[in-house]
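A.B. asks: could you work out the structure for the sequence below:
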Amino acid sequence: MTLLVAAALATLPCVYWTQGVDTRATLESAGIKRVCVAPDLVDAWRSAGFTATPVTQEDFDAREALPVPGVTARAGVASPTRSPWVVANGWRVVRTPAAKFKYDVPAGKGVLAAAEAFAYGGDVVLKIDPADLAAVGRLLTFLESLSEAPGEAAADVGVVDDGSEVTGEVMNLLTRRNLPFRAVRSPSPDYRINIAIGTPEYPQADAANPSTFALKIRRQLTDDQRTLRVFGSEVVICRLTRGAGGARLHVLNYGGRAIEGLRVRVRGAYAAGEIRSDGTALKLEDYASAGGFTEFSISRLDTYAVIDLR
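C.D. replies: You can find the predicted model right below:
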């Protein structure tokens, strides 16, 4: 196994499996190769050809539970003209990258949870409904084929993390608006904008309405300085990493149904791009690189796609 592939595998979520090795055929038929199992079952699963990691029930229970990703109705809000309420967890991983997380998701949410975990590189154990085994297996097989993502995650602003819920909600809204951030302990010279809630520039009262606050940050940053923009959907969130060898864009659709006609603009000049989903090579349409930006259209996005730019 090459170092690049090993690095990619290290970020894959692990499927939590409480049944014995006699159920190996169920996982094999679904293409599941990595499992988190009780410590006394690790050797048996490894002998059966699986990558097995010991996780006790106590270990699983102690992990930080991530909400089920997707779009949810907001209590008391019935208007169809309002923006959808997206439940996304990437900001939680960015905020505490060393934390240990878990998903316990119902049928139909396994693929989105696994893709989200991979996109943000979190230490995640994934408990899914058996109905999702085949779909998650296809996704994990695809993710195993990817090389290491180039460089580091892009960030437009720094957010001074005081540990408060208000600051967490600001991080949440920035992510949902595709305004990537990095959590910092104090204002960093790496960013033109450093958000510290409770300061004269960013008072607590302003942060009480996170949506309005995110718009304020967008205006301060200006669209020409943004790392990326997404046109055509309010339920798509992107995660971008950049390095000397190019860039990788993870595209996550939280809406629960396919999206057609999505357009993306990335800051930076990239001569070519390749899009893949579940291992299938697709085509980026209306590709253009000029003026320090690269733009392209995605004809159809189901749940998740990876775009490599070079």
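A.B. asks: a strand runs through C238, doesn't it?
C.D. replies: Yes. Assigned with DSSP: H, G, I helix; E, B strand; the rest coil, C238 falls within a strand.
A.B. asks: list the contacts for it?
C.D. replies: Residues in contact with C238 (CB atoms under 8 Å, 6 or more residues apart in numbering) are 178, 228, 230, 249-252, 264. The way it works is simple: take the backbone N, C-alpha and C, and place the C-beta from them, glycine included.
A.B. asks: could I get these as a markdown table with neighbour count, distance to C36 and secondary structure?
C.D. replies: Shown next, in a markdown table, are the contacts of C238 (neighbours: other CB atoms under 10 Å; distance: CB to CB, whole Å; DSSP: H, G, I helix; E, B strand; the rest coil):
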| residue | neighbour count | distance to C36 | secondary structure |
| --- | --- | --- | --- |
| N178 | 19 | 32 | coil |
| L228 | 21 | 33 | strand |
| V230 | 18 | 33 | strand |
| L249 | 24 | 29 | strand |
| H250 | 22 | 23 | strand |
| V251 | 24 | 27 | strand |
| L252 | 24 | 23 | strand |
| V264 | 23 | 34 | strand |
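A.B. asks: from these, which is closest to Y103?
C.D. replies: Comparing these against Y103 with CB to CB picks out L252 as the nearest, at 14.1 Å.
A.B. asks: surely that closest one meets V235?
C.D. replies: No. Assessed by CB atoms under 8 Å, L252 is found out of contact with V235, at 9.0 Å.
A.B. asks: show me the shaky parts of the stretch 51-200 of the chain.
C.D. replies: 73-83 (pLDDT under 70).
A.B. asks: and the helices in it?
C.D. replies: All helices of the stretch 51-200 of the chain, identified by DSSP state H, counting those that start in this stretch, fall at 57-62, 90-95, 110-120, 133-144, 165-176.
A.B. asks: tabulate those helices (JSON lines), appending mean neighbour count and distance to I193.
C.D. replies: Shown next, in JSON lines, are the helices of the stretch 51-200 of the chain (neighbours: other CB atoms under 10 Å; distance: least, CB to CB, whole Å):
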{"stretch": "helix 57-62", "mean neighbour count": "12", "distance to I193": "36"}
{"stretch": "helix 90-95", "mean neighbour count": "22", "distance to I193": "16"}
{"stretch": "helix 110-120", "mean neighbour count": "25", "distance to I193": "22"}
{"stretch": "helix 133-144", "mean neighbour count": "20", "distance to I193": "33"}
{"stretch": "helix 165-176", "mean neighbour count": "20", "distance to I193": "11"}
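A.B. asks: what's the closest of these to S188?
C.D. replies: helix 90-95 (14.4 Å).
A.B. asks: from the middle of its chain, how far away would the closest one be?
C.D. replies: Distance, stretch centre to chain centre, for helix 90-95: 9 Å (CA atoms, centre = their mean, to the nearest Å).
A.B. asks: so this protein: which segments form each domain?
C.D. replies: If you go by automatic domain parsing, the domain ranges for the chain are 3-144, 155-224, 228-309.
A.B. asks: make sure S297 is actually in contact with L282.
C.D. replies: No. Applying CB under 8 Å as the test, S297 and L282 come out as separate, 11.3 Å apart.
A.B. asks: anything in contact with each of these two?
C.D. replies: Common neighbours of S297 and L282 are not found (criterion: CB under 8 Å, 6+ apart).
A.B. asks: now do A113 against Y191, distance only.
C.D. replies: 30 Å (CB to CB, to the nearest Å).
A.B. asks: next: D302.
C.D. replies: Distance of D302 to Y191, computed by CB to CB: 34 Å.
A.B. asks: check R219 too.
C.D. replies: With CB to CB as the criterion, R219 and Y191 are 16 Å apart.
A.B. asks: could you do A205 as well?
C.D. replies: 23 Å.
A.B. asks: neighbour count: the two, which is higher?
C.D. replies: Applying other CB atoms under 10 Å to A205 and Y191 shows that Y191 carries more neighbours, namely 17 against 8.
A.B. asks: which residues sit in contact with the closest residue to that one other than its chain neighbours?
C.D. replies: Nearest residue to Y191, sequence neighbours excluded (CB to CB, 6 or more residues apart in numbering): G158, at 4.1 Å. Counting by CB under 8 Å, 6+ apart, G158 makes contact with 181-184, 187-188, 190-191, 193-195.
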